[in-house]
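In: Sequence and predicted model, in that order:
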Amino acid sequence: MSSISVRNAASIVTFPGSGPLRGEALETVSTMAEACVNCSGDRITSIGDSADAAIEIDASGCTVTPGFVDPHTHLPFYGWRADEDAARLSGVRYETLHREEGGIFRSARMLADATDEDVLSFCEGLARSMLQRGTTTFETKSGYGLSVEAELRQLRLARELGRRVPQKLVSTCLAAHAVPKGRSAGEWAGQAANTLLPVAAEEGLASACDIYVESIAFALEHAARLAETSRELGLRMRVHADQLEDGQSAAFAARWGFASADHLNHTSLPAVGDLAVSDTAAVLLPGATFTLRQNKKPPARNLIDEGAIVALGTDLNPGTSPIHSMPFVIALACRVYGLRPLEALAGATVNAAFVLGVDHEVGRLSAGQRADIVVLDSPTPDALPYRPDHDPVLAVICAGELAYVAPRAEARIKR
Ligand code: NIG
Ligand code: FE
C-alpha cells in the first residue's frame with residue numbers, strides 16, 4: 001500500500017470537527033504549524049508526528065490544505081464560446097444571446113454534434129488541468145442535453161469521465177436549464193420530473209437535481225415540481241438562484257430545504273436571513289460575476305456574518321464562467337466579494353463538500369478522510385488572494401496518490 005507523509009508545513013489548514021463551517025465556528029478557524037500529514041492507501045491516517053512513508057514531501061515554508069472541492073461546474077461540455085464573450089464585450093446581453101438560440105442552446109448543439117470520445121478527451125484535459133490547480137473533487141452536471149435522451153447521455157458521459165480521472169466526481173441532473181424549443185417551461189418540467197429524474201436516480205447517474213430559475217428560463221413553480229419528485233427519489237435539490245434578477249429563488253430554496261442556492265447576485269437581505277437559519281448552502285460563483293462583468297454582487301459579507309453556510313465554486317462552463325481554477329476563484333471571492341482568506345478556503349473545501357453531500361469523506365484534513373491534499377508555496381493562506389495571477393500549487397495528493405508535482409517542487413519530494 002502506498003504511503004505519503006507531508007512534513008514541516010508552516011501552516012496546515014485542517015478544519016477540525018465535522019459538518020459545515022458557519023458563524024462562530026468559522027470565526028475561530030485557525031491553522032496548525034510544523035506538523036505532519038500522514039497517509040496510507042487512499043486515506044489520511046494521522047496529523048501530528050511524522051510517520052515512516054514511501055514518499056516524503058518537504059512542505060517547509062508552505063501551507064497545506066485539503067484538496068479543493070469544486071461544488072458547481074457544468075462539465076461535461078464540448079467546446080468554447082469566445083465569440084459570444086466578445087459580443088458581450090461589445091455590449092450584447094447574455095439574455096439576448098440566449099433568446100437568439102446561442103448560449104445554452106449552442107452548447108447543446110455542440111455537445112450533440114460531438115462524439116462521446118471527443119467530449120471525453122476535451123473534458124479529461126480540463127479535469128487534469130483542474131487537478132494541477134488543486135481540485136480533487138468536483139461536481140458534474142447535465143443541462144446541455146435539452147431532451148430526455150440527450151440529458152441521460154450527458155450524465156453517462158460524466159460517469160465515464162469519473163472513471164478516467166483521479167478526482168472524485170459528484171453528478172447533478174440539471175433537469176431544467178433552458179426551455180427546449182417548441183415546448184413550454186411547464187411541459188418540459190413535467191417531463192423532466194416524470195421521465196428524466198426517475199431514470200437518472202434509478203441508474204445512479206445523479207445524486208442531485210438542479211434548475212435554472214430566471215425569467216429567460218424556469219420559474220419557482222417548476223422548481224417546486226422538480227423538488228417534489230427529487231424528494232421522492234432521494235435526490236438533493238439545488239437551484240441557479242437570483243443570478244440575473246431577484247427571482248426570490250434563494251428564499252424559496254431555504255424554505256424548501258434545498259441543498260444549495262447558487263450565484264445569488266440579486267439575493268435580497270431578507271433572503272440572506274432565510275439562508276442563515278437554514279442548512280441550505282449559499283454557493284458563490286465569482287467567476288461568473290467576473291466574466292459577465294456584473295456590477296451587482298451577492299451579499300457575501302452579510303451571508304457570512306449572519307451565519308449562512310457559504311461555499312465557492314468555479315461554475316466552469318463555456319458561457320458565463322470559462323474558469324477552472326479554484327485558487328483564482330478564492331482570490332476573486334476575497335478581492336471582489338470581500339471574503340477573508342480562511343473563509344474562502346473553508347468555502348472551497350469543507351463547505352463545498354457539504355453542498356455535494358460528501359463532507360464525511362472529503363474537505364478536511366483529518367484521520368479517515370480521503371487523502372486529498374494540496375501543498376501551496378507560501379507560509380500562510382494570505383497569499384492566495386494577495387497574488388491572484390500566481391499559480392501557488394506545488395503538489396497535489398489525490399486519493400493517496402501523488403498526482404501532481406510542480407517542476408519547481410521536485411527537490412522537495414523524497415521517494
Ligand atoms: O451557471 N446561467 C445558467 N447556467 C450557466 C451558464 C450556462 C451557459 O451559458 O452555457 C451558469 O451561469
Ligand atoms: Fe451554473
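Out: Here it is on my side, so go on. Residues are numbered from 1 along each chain as shown. Ligands and ions are numbered 1, 2, ... in the order given.
In: For the residue lying closest to Leu356 once chain neighbours are set aside, give me its contacts.
Out: Nearest residue to Leu356, sequence neighbours excluded (CB to CB, 6 or more residues apart in numbering): Val170, at 4.3 Å. Where you see a C-beta, it was placed from the backbone N, CA and C, and this is true even at glycine. Val170 is in contact with 137-140, 207-208, 356-358, counting by CB atoms under 8 Å, 6 or more residues apart in numbering.
In: so what's Ile44 up against?
Out: Under the criterion of CB under 8 Å, 6+ apart, the neighbours of Ile44 are 37-38, 365-371, 373.
In: Where does the prediction get shaky in the protein?
Out: Judged against pLDDT under 70, the chain has no low-scoring part.
In: what residues go with each domain of it?
Out: Domain assignment for the chain, taken from automatic domain parsing, gives 3-66+363-414, 69-355.
In: Quick one, which of these gets closest to ligand 1.
Out: Nearest of the domains of the chain to ligand 1, taken as CB to the nearest ligand atom: domain 69-355 at 2.2 Å.
In: That closest one near ligand 1 anywhere?
Out: Yes: applying CB under 6 Å from any ligand atom, one finds domain 69-355 in contact with ligand 1 at 74, 103-104, 107, 212, 240, 243, 288, 315, 317-320.
In: Could you identify which of those has the most neighbours?
Out: When neighbours are counted by other CB atoms under 10 Å, His240 leads the residues of domain 69-355 next to ligand 1 with 31 neighbours.
In: Within its sheet, name the partner strands of the one helix or strand it maps to and how each one runs.
Out: When elements are assigned from DSSP states H and E, His240 belongs to strand 236-241. Using DSSP bridges, the strands paired with strand 236-241 are strand 208-212 (parallel), strand 260-263 (parallel).
In: May I have the last one exported as PDB, CA atoms only?
Out: Looking back up the chat, that one is strand 260-263. C-alpha atoms of strand 260-263 as PDB (Å, rounded to 0.1, in the frame of the first residue of the first chain):
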ATOM      1  CA  SER A 260     -27.900  24.800  -2.100                       C
ATOM      2  CA  ALA A 261     -28.800  28.100  -3.800                       C
ATOM      3  CA  ASP A 262     -26.100  29.100  -6.300                       C
ATOM      4  CA  HIS A 263     -25.000  32.500  -7.700                       C
END
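In: Show me how far it is from its chain's centre.
Out: Its chain's average C-alpha position is 11 Å from that of strand 260-263, according to CA atoms, centre = their mean, to the nearest Å.
In: Show me what that strand is in contact with.
Out: With contacts defined as CB under 8 Å, 6+ apart, strand 260-263 is touched by 71-72, 238-243, 249-250, 253-254, 267, 275, 280-285, 288, 298, 311, 313, 315, 355.
In: Most tightly packed of the strands paired with strand 236-241?
Out: Ranked by average neighbour count under the criterion mean count of other CB atoms under 10 Å, those are headed by strand 260-263 at a mean of 30.
In: can you give me the strands in the stretch 1-150 of the chain?
Out: 3-7, 11-12, 36-40, 43-48, 55-58, 63-66, 68-70, 135-141 (DSSP state E, counting those that start in this stretch).
In: most tightly surrounded among the ones you listed?
Out: strand 68-70 (a mean of 32).
In: so how far is that strand off the chain centroid?
Out: Centroid separation for strand 68-70 versus its chain: 6 Å, with CA atoms, centre = their mean.
In: That one pairs with which strands, and in what direction?
Out: Partners of strand 68-70 in the sheet, by DSSP bridges, are strand 135-141 (parallel).
In: returning to what we had before: so which of the contacts of strand 260-263 sit within helices?
Out: Of the positions in the contacts of strand 260-263, 249-250, 253-254, 275, 288, 355 sit in helices, assigned by DSSP state H.
In: What is the most widely separated pair among these?
Out: Between any two of the ones in helices among the contacts of strand 260-263, the greatest separation by CB to CB is 20.9 Å, found for Ala254 and Ala288.
In: Double-check Val375 against Arg7; I have them as touching.
Out: No: applying CB atoms under 8 Å, one finds Val375 not in contact with Arg7, separated by 10.5 Å.
In: Need the residues touching each of the two.
Out: By CB under 8 Å, 6+ apart, Val375 and Arg7 have these common neighbours: 57, 59.
In: Stretch 295-308: which residues count as buried?
Out: 297-304, 306-308 (16 or more other CB atoms under 10 Å).
In: can you redo these as JSON lines with secondary structure?
Out: Shown next, in JSON lines, are the buried residues of stretch 295-308 (DSSP: H, G, I helix; E, B strand; the rest coil):
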{"residue": "Lys297", "secondary structure": "coil"}
{"residue": "Pro298", "secondary structure": "coil"}
{"residue": "Pro299", "secondary structure": "coil"}
{"residue": "Ala300", "secondary structure": "helix"}
{"residue": "Arg301", "secondary structure": "helix"}
{"residue": "Asn302", "secondary structure": "helix"}
{"residue": "Leu303", "secondary structure": "helix"}
{"residue": "Ile304", "secondary structure": "helix"}
{"residue": "Glu306", "secondary structure": "helix"}
{"residue": "Gly307", "secondary structure": "coil"}
{"residue": "Ala308", "secondary structure": "coil"}
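In: now these as a markdown table including distance to Ala383?
Out: As requested, the buried residues of stretch 295-308 are arranged in a markdown table below (distance: CB to CB, whole Å):
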| residue | distance to Ala383 |
| --- | --- |
| Lys297 | 23 |
| Pro298 | 24 |
| Pro299 | 27 |
| Ala300 | 21 |
| Arg301 | 22 |
| Asn302 | 27 |
| Leu303 | 24 |
| Ile304 | 21 |
| Glu306 | 28 |
| Gly307 | 28 |
| Ala308 | 26 |
